[in-house]
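**Q** With the sequence up front, the predicted model follows.
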There are 2 protein chains.
Amino acid sequence: MEPRHGAKGDTVVDFLMQAIQAGRFVPGQRLVEADLTAELGVSRSLLREAFRRLSAEGVIEIVPNRGALVRRLTMTEAMELFEIRLELEALAARLAAEKIADPGTRERFERRIAPIWEEVPRFSTSDYLAENRRFHAAVFEAAGNGQLVKLNSQLQLSLIMAQIASELTGDVMMESLHEHRVVASAILAGDAAAADAAIRGHLSRARDFVRAIRPEVFRAGRPGEAVPFSKAEFAGTIEKSP
Amino acid sequence: MEPRHGAKGDTVVDFLMQAIQAGRFVPGQRLVEADLTAELGVSRSLLREAFRRLSAEGVIEIVPNRGALVRRLTMTEAMELFEIRLELEALAARLAAEKIADPGTRERFERRIAPIWEEVPRFSTSDYLAENRRFHAAVFEAAGNGQLVKLNSQLQLSLIMAQIASELTGDVMMESLHEHRVVASAILAGDAAAADAAIRGHLSRARDFVRAIRPEVFRAGRPGEAVPFSKAEFAGTIEKSP
DNA sequence: AACAGCAAAATTGTCCGACAATATTGCCCG
DNA sequence: CGGGCAATATTGTCGGACAATTTTGCTGTT
């Protein structure tokens, strides 16, 4: 089951990405090379390449001489990302509505979003995060524009959600789920204008919700500024292999 | 003049980026590690990190076991990128028009785009490429959204232009320059709607021009497919240090 | 007890050399 | 001339090494 020569780096990237999305590494947490090479059993070279890739994707940050840490957004950055996502996902929703007539596209889209129709009284935060991620990814994929799918990953939906996860309530999540259904319906009906409006409404409300969150949840300072950094800050959260 | 510890990698990235934009490395050309480490006097580790970063920015492509090559777009990819740029740059233009009242923003924008007002009868292709790059970058910067500026680099304007450079005529470049002036005027007048319309018109025309180019200029096959690859294809274009 | 300063330890940045895996080229042969 | 195989070139990954830099820990002083 060894991955073929040249694909080992992907394994490391996938591992880190999943660990971050699963919340094992939280925004702001430092990623120490020595610990991770020991745990993953790969060399520093490989780990550092993985860091570079994740950094380019905007998932982690590399501070010279201080290493890598899970990216923690400032409020400003989060708002800027919402502003961009609004346009890009509206475009994706319109394209998706136009292309949904194609059987392959429709089939894939319906399969991807199937979970949103389930009648759940309430769900766990981590279930919601996964559903949310899948739903938005499905919209981008249905648009049939490969470059757009790539850009979606730069919009850091997962990161924003991971950061504000503690502020989510059951009501908010249920409301979001309902909005997803409205968007999905518009796309499935092939109504581009309605899909555009629905997604813009959904994202605007999400943005307003995030904007109202207490500022301590976000990184302080201007975007791109020096990052506060100290081992003590996250002591104990980094698990070494016994 | 030694760059400080930890910034040497940036030097390599900058060098490669410039070499590509200057046309020394053309789309599709292979980048051999051994040659570049010899020329730049850096280790393979550093060069490979630079490759990873450029690959993440979409400037080069890394094919497992076959190394790095300057990215060469398919027609489909180019069209997809135009579709995205249309929305994103329209957003940037609107934001720029709204923020142009701010003296700092206005001053910087005017300085950056100053060259477009010059009365030149005609200019060289490479001058045009540089001007074009600067103009679009200026629009994104004036929008005052840091994340948007980062995304601009993913839209591969330089790559598209480098690839089609041979098809550009003096007339086309002059027409483009005039359109830049219209966009700039709308932004400087603070008219968001006009700026939006002007940039959409400009980009639509550019897209149509590119779409009409003979297909041999673009990479064949579906996006993301295996890349044709052979040393002979570019033999002699890779200069080794004597 | 708070604190400034300094030495020790931890961590990252970069290089080098090595070897296996894979791709490309060159050559031989029918 | 085309196919096939060996030689060569190139990349993927590792491990170790050492300098630069940051972080931690200690110590004595006020």
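**A** Okay, I see it.
**Q** Can you get me a residue count around the residue of chain A found nearest chain B?
**A** Nearest residue of chain A to chain B: A:A56, at 2.9 Å (CB to the nearest CB). No exception for glycine: its C-beta is placed from N, CA and C like everyone else's. A count of neighbours around A:A56, defined by other CB atoms under 10 Å in any protein chain shown, yields 19.
**Q** and A:P215, how many residues sit next to it?
**A** Residues near A:P215, counting by other CB under 10 Å: 9.
**Q** which ones are touching it?
**A** A:P215 makes contact with A:M75 under the criterion CB atoms under 8 Å, 6 or more residues apart in numbering or on different chains.
**Q** how near is it to DNA strand C?
**A** A:P215 is 26 Å from DNA strand C, where distance means CB to the nearest atom of the strand, to the nearest Å.
**Q** before we move on, what about A:I84?
**A** A:I84 is 28 Å from DNA strand C, by CB to the nearest atom of the strand.
**Q** next structured bit after the helix or strand containing A:I164?
**A** When elements are assigned from DSSP states H and E, A:I164 belongs to helix A:157-164. Using DSSP H and E, the helix or strand that follows helix A:157-164 in sequence is helix A:170-188.
**Q** Identify all contacting residues around that following helix.
**A** A:93, A:96-97, A:100, A:106, A:109-110, A:113, A:116-117, A:122-123, A:125, A:128, A:131-132, A:135, A:139, A:142, A:194-195, A:197-199, A:201-202, A:205-206, A:209.
**Q** Looking at it now, give me its mean pLDDT.
**A** The average pLDDT for helix A:170-188 rounds to 97.
**Q** Which positions within it qualify as buried?
**A** Residues of helix A:170-188 classed as buried: A:M173, A:S176, A:L177, A:E179, A:H180, A:V182, A:V183, A:A184, A:A186, A:I187, A:L188 (neighbour count, 16 or more other CB atoms under 10 Å in any protein chain shown).
**Q** does chain B sit close to the helix of greatest length in chain A?
**A** Selection of the longest helix in chain A by residue count, based on DSSP state H, yields helix A:75-99. Yes: for helix A:75-99 and chain B, the contact criterion (CB under 8 Å from any CB of the partner chain) is met by A:T76, A:E77, A:E80, A:L81, A:E83, A:I84, A:E87, A:L88, A:A90, A:L91.
**Q** pull the CA atoms of stretch A:48-63 into CSV?
**A** Only the C-alpha atoms of stretch A:48-63 are listed here, as CSV (Å, rounded to 0.1, in the frame of the first residue of the first chain):
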residue,chain,number,x,y,z
ARG,A,48,8.8,21.4,4.8
GLU,A,49,7.6,21.0,1.3
ALA,A,50,4.2,20.2,2.7
PHE,A,51,4.4,23.4,4.8
ARG,A,52,5.1,25.4,1.7
ARG,A,53,2.2,24.0,-0.2
LEU,A,54,-0.2,24.6,2.6
SER,A,55,1.1,28.1,3.1
ALA,A,56,0.5,28.8,-0.6
GLU,A,57,-3.0,27.6,-0.1
GLY,A,58,-3.4,30.0,2.8
VAL,A,59,-4.1,27.3,5.3
ILE,A,60,-0.9,27.8,7.4
GLU,A,61,1.5,30.7,7.8
ILE,A,62,5.2,30.5,7.7
VAL,A,63,7.1,33.1,9.8
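**Q** how about that stretch: buried residues?
**A** Quick answer for stretch A:48-63 (16+ other CB under 10 Å): A:48-62.
**Q** Just the residues contacting that stretch, thanks.
**A** Contacts of stretch A:48-63 (CB under 8 Å, 6+ apart): A:9, A:12-13, A:16-17, A:20, A:31, A:33, A:68-71, A:153-154, A:156, A:158-159, A:226-227, A:229, B:48-49, B:52-53, B:56-57, B:150.
**Q** Equivalent analysis for stretch A:76-88, please.
**A** Taking contacts as CB under 8 Å, 6+ apart, the residues outside stretch A:76-88 that touch it are A:73, A:148, A:151-152, A:155-157, A:160, A:163, A:200, A:203-204, A:206-207, A:210-211, A:218, A:222-223, B:84, B:87-88, B:90-91, B:145-148, B:151.
**Q** Would you map out the domains in chain A?
**A** What automatic domain parsing lists as the domains of chain A is A:8-72+A:227-234, A:75-217.
**Q** Output these as TSV; include the columns distance to B:L40.
**A** Formatted as TSV, the domains of chain A follow (distance: least, CB to CB, whole Å):
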stretch	distance to B:L40
domain A:8-72+A:227-234	18
domain A:75-217	29
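**Q** which stretch in these is the model least sure about?
**A** For those, where the average pLDDT is lowest is domain A:8-72+A:227-234, sitting at a mean of 89.
**Q** So that domain, near DNA strand C or not?
**A** Yes: Domain A:8-72+A:227-234 reaches DNA strand C (CB under 7 Å from any atom of the strand) through A:30-34, A:44-45, A:48, A:62, A:64-68, A:231.
**Q** coming back round to it: show the buried residues in the contacts of helix A:170-188.
**A** A:93, A:96-97, A:100, A:106, A:109, A:113, A:116, A:123, A:128, A:131-132, A:135, A:139, A:142, A:194-195, A:197-199, A:202, A:206.
**Q** check whether the helix or strand harbouring A:E61 contacts DNA strand D.
**A** Per DSSP H and E: A:E61 is located in strand A:60-63. No: using CB under 7 Å from any atom of the strand, strand A:60-63 stays clear of DNA strand D, coming no nearer than 7.8 Å.
**Q** Give me the sheet partners of that strand and which way each runs.
**A** Next to strand A:60-63 in the sheet, as set by DSSP bridges, lie strand A:67-70 (antiparallel).
**Q** Can you show me the helices along chain A?
**A** Going by DSSP H, chain A shows helices at A:8-21, A:33-40, A:44-56, A:75-99, A:103-113, A:125-142, A:146-154, A:157-164, A:170-188, A:192-211.
**Q** Just put those in JSON lines and tack on distance to DNA strand D.
**A** Below are the helices of chain A laid out as JSON lines (distance: least, CB to the nearest atom of the strand, whole Å):
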{"stretch": "helix A:8-21", "distance to DNA strand D": "3"}
{"stretch": "helix A:33-40", "distance to DNA strand D": "8"}
{"stretch": "helix A:44-56", "distance to DNA strand D": "3"}
{"stretch": "helix A:75-99", "distance to DNA strand D": "21"}
{"stretch": "helix A:103-113", "distance to DNA strand D": "30"}
{"stretch": "helix A:125-142", "distance to DNA strand D": "27"}
{"stretch": "helix A:146-154", "distance to DNA strand D": "20"}
{"stretch": "helix A:157-164", "distance to DNA strand D": "21"}
{"stretch": "helix A:170-188", "distance to DNA strand D": "36"}
{"stretch": "helix A:192-211", "distance to DNA strand D": "29"}
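**Q** Closest to B:E167 out of the residues of helix A:75-99 next to chain B?
**A** Proximity of those to B:E167 (CB to CB) peaks at A:L91, which lies at 27.5 Å.
**Q** Run a quick neighbour tally on that closest one.
**A** Using other CB under 10 Å, the number of residues around A:L91 comes to 21.
**Q** next one: A:N152
**A** By other CB under 10 Å, 20 other residues sit near A:N152.
**Q** In contact with it, which residues?
**A** Contact analysis of A:N152 by CB under 8 Å, 6+ apart lists A:L88, A:A92, A:H136, A:A137, A:F140.
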